[in-house]
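*Asks:* A predicted structure for the sequence below; I have some questions about it.
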Number of protein chains: 2
Amino acid sequence: MPQQRRAQLTRHAIVVAAAEEFDRTGYDATPLSAILRRGGITKGAFYFHFASKEELALALVESQARRWPRVRGDWLRRELDPLSIAVGMLNEAARLLERDVVLRAGTGLARHRIAKGEHIDSEPDWEALLLDLLRRASAGGMLRPGVDPEAVARVAYAGLVGARVLGSGAGPGTAVRMEETWRITLQGVASPEWLSNRKAR
Amino acid sequence: MPQQRRAQLTRHAIVVAAAEEFDRTGYDATPLSAILRRGGITKGAFYFHFASKEELALALVESQARRWPRVRGDWLRRELDPLSIAVGMLNEAARLLERDVVLRAGTGLARHRIAKGEHIDSEPDWEALLLDLLRRASAGGMLRPGVDPEAVARVAYAGLVGARVLGSGAGPGTAVRMEETWRITLQGVASPEWLSNRKAR
């Protein structure tokens, strides 16, 4: 195997092992030794790729910050009404969070740093994006009269955060929980026309 | 001031300072020195009350584990229908989480330990309690036909978890977010009779 390819594989093994440990134990409580043990990685190989555990964490935060805009961009470019985009985008986010430990750990790390008051430049602002989509859905008559689009946006986003936290425990996973949130929410807020169009598809 | 009373005040000051630091920075990343500094507490005073940071964390976890069953018990004893109990109970939980840093930090710590696979004996199982209340609400005709009470229970609980995580950031706090989740959710799942009775109260 060419040396460069081997180096890439080692770096990937380090990132995955770190994500698995951070996801289970939390960043602060994970010693570097646990990451090396899980990944079967030597100290030398680790320090060839990363200067410290902190630099590794930053790589995870940056990786999620690169991926979310792509996921969002793909949905925003689809020829769908804004409510269908909001629904599809959060459901896909939930599926990705459930099956991809690197994305899940990176997203958890970013949220942890934001909670601590750190500024994460590239953090995709889900809530602002959802507010915009739901306001457009409301203007387009896709919500029932009297429904506050901002409240719907916040409830949907809280549903994703709750699904991410609870999805790793007992009961349904993150993807099913997010779908349930939309199903239950849309019944009360989406216009009857939008709902029947959706069923027809 | 009698010595015993002074000791109680010191213990309380330690617990509050620790809760504030854990809430902001996370348990693992908080050094004991930060807690002492925030609370204006000497090392001697600290070790009179607690053997370690770990013992202090346990005190917070135990404190929340004693408080939640009381909150829940008070609601379960009220002469209300099961859906009103579920709504009132989660709204009160959200208000308490928002204004009481000791409860919030203890609840966060308990959840963190559960995620790491630790068994927390006294962790109140919100989701199971909500499932029971929503099943009873469904049997009593308080939900619309065809609505899955278990999905409603999970969505409401994910709403509380999401509101706890997001409530400390920008936008509305935990209590307002939980109320929004119920308002949006109930529109689609509660029976028209229940909703009009609720408005009339």
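*Replies:* Yep, it's here.

*Asks:* which phi and psi does residue A:41 have?
*Replies:* phi -120, psi 140 (degrees, to the nearest 10).

*Asks:* I figured it hits residue A:13, correct?
*Replies:* Yes: assessed by CB atoms under 8 Å, residue A:41 is found in contact with residue A:13 at 6.3 Å. Backbone N, C-alpha and C define where each C-beta goes, glycine included.

*Asks:* For chain A, which residues score under the pLDDT cut-off?
*Replies:* Within chain A, the set of residues satisfying pLDDT under 70 comprises A:115-116, A:119-124, A:201.

*Asks:* residue ranges of the helices in it, please?
*Replies:* A:3-25, A:32-39, A:43-49, A:53-76, A:82-99, A:101-115, A:126-139, A:149-166, A:174-189, A:192-200 (DSSP state H).

*Asks:* Dump these into CSV; add distance to chain B and mean neighbour count as well.
*Replies:* Below are those laid out as CSV (distance: least, CB to the nearest CB, whole Å; neighbours: other CB atoms under 10 Å in any protein chain shown):
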stretch, distance to chain B, mean neighbour count
helix A:3-25, 6, 17
helix A:32-39, 12, 17
helix A:43-49, 21, 14
helix A:53-76, 12, 16
helix A:82-99, 11, 21
helix A:101-115, 6, 21
helix A:126-139, 7, 19
helix A:149-166, 3, 24
helix A:174-189, 3, 22
helix A:192-200, 10, 12
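
*Asks:* can you tell which of these is closest to residue B:76?
*Replies:* helix A:149-166 (22.5 Å; CB to CB).

*Asks:* What residue spans form the domains of chain A?
*Replies:* A:1-50, A:60-200 (automatic domain parsing).

*Asks:* from the chain's centre, how far out does the first one sit?
*Replies:* From the chain centre to the centre of domain A:1-50 is a distance of 22 Å (CA atoms, centre = their mean, to the nearest Å).

*Asks:* can you give me the end-to-end distance of it?
*Replies:* Its start and end residues considered, domain A:1-50 measures 22 Å (CA to CA, to the nearest Å).

*Asks:* Run through the residues that contact the nearest residue to residue A:50 once chain neighbours are set aside.
*Replies:* In space, and not counting its chain neighbours, residue A:50 is closest to residue A:56: 4.7 Å by CB to CB, 6 or more residues apart in numbering or on different chains. Applying CB atoms under 8 Å, 6 or more residues apart in numbering or on different chains, we find residue A:56 in contact with A:14-15, A:18, A:35, A:50.

*Asks:* re earlier: TSV for the helices of chain A, including distance to residue B:159?
*Replies:* Shown next, in TSV, are the helices of chain A (distance: least, CB to CB, whole Å):
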stretch	distance to residue B:159
helix A:3-25	23
helix A:32-39	34
helix A:43-49	41
helix A:53-76	22
helix A:82-99	14
helix A:101-115	17
helix A:126-139	15
helix A:149-166	6
helix A:174-189	8
helix A:192-200	21
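
*Asks:* does residue A:173 really touch residue A:167, like I thought?
*Replies:* Yes: between residue A:173 and residue A:167 a contact is recorded at 4.7 Å, counting by CB under 8 Å.

*Asks:* tell me, what's touching these two both at once?
*Replies:* residue A:98.

*Asks:* These two: who's more crowded?
*Replies:* residue A:167 (20 against 17; other CB atoms under 10 Å in any protein chain shown).

*Asks:* Test my guess that that one contacts residue A:98.
*Replies:* Yes: counting by CB under 8 Å, residue A:167 does reach residue A:98; the two are 5.9 Å apart.

*Asks:* list residues touching both of these two?
*Replies:* With CB under 8 Å, 6+ apart as the test, residue A:167 and residue A:98 both reach A:173-175.

*Asks:* Against residue A:29, how distant is the closest residue to residue A:32 other than its chain neighbours?
*Replies:* Distances taken as CB to CB, 6+ apart place residue A:53 nearest to residue A:32, at 5.1 Å, with adjacent residues excluded. Distance, residue A:53 to residue A:29, using CB to CB, to the nearest Å: 11 Å.

*Asks:* Could you pull up the residues touching the closest residue to residue A:96 other than its chain neighbours?
*Replies:* Excluding the flanking residues, the one nearest residue A:96 by CB to CB, 6+ apart is residue A:103, at 5.6 Å. Residues in contact with residue A:103, defined by CB under 8 Å, 6+ apart, are A:63-64, A:67, A:96-97.

*Asks:* before we move on, what about residue A:83?
*Replies:* A:133-134, A:137, A:142-143, A:190, A:194.

*Asks:* and if we set it to 6 Å?
*Replies:* A:137, A:142 (CB atoms under 6 Å, 6 or more residues apart in numbering or on different chains).

*Asks:* now do residue A:23
*Replies:* A:101, A:104-105.

*Asks:* measure residue A:159 to residue A:174 for me?
*Replies:* Distance from residue A:159 to residue A:174, by CB to CB: 10 Å.

*Asks:* no no, residue A:127
*Replies:* Separation of residue A:127 from residue A:174 (CB to CB): 18 Å.

*Asks:* one step back: I'd like the contacts of residue A:23 as CSV, with distance to residue B:180 appended.
*Replies:* Listed next are these as CSV, based on distance: CB to CB, whole Å:
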residue, distance to residue B:180
A:101, 31
A:104, 26
A:105, 29
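
*Asks:* what's next to stretch A:31-39, contact-wise?
*Replies:* A:13-14, A:17-18, A:21, A:53.

*Asks:* ok, now with 8 Å
*Replies:* A:13-14, A:16-18, A:20-21, A:25, A:41-43, A:46, A:53, A:56.

*Asks:* which pair in these spans the largest distance?
*Replies:* A:25 and A:42 (21.4 Å).

*Asks:* Reformat the shared contacts of residue A:167 and residue A:98 as a markdown table; add distance to residue B:186.
*Replies:* Compiled in a markdown table, these are given as follows (distance: CB to CB, whole Å):
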| residue | distance to residue B:186 |
| --- | --- |
| A:173 | 25 |
| A:174 | 24 |
| A:175 | 24 |
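
*Asks:* How about the contacts made by residue A:109?
*Replies:* Contacts of residue A:109 (CB under 8 Å, 6+ apart): A:22, A:27, A:57, A:60-61, A:64.
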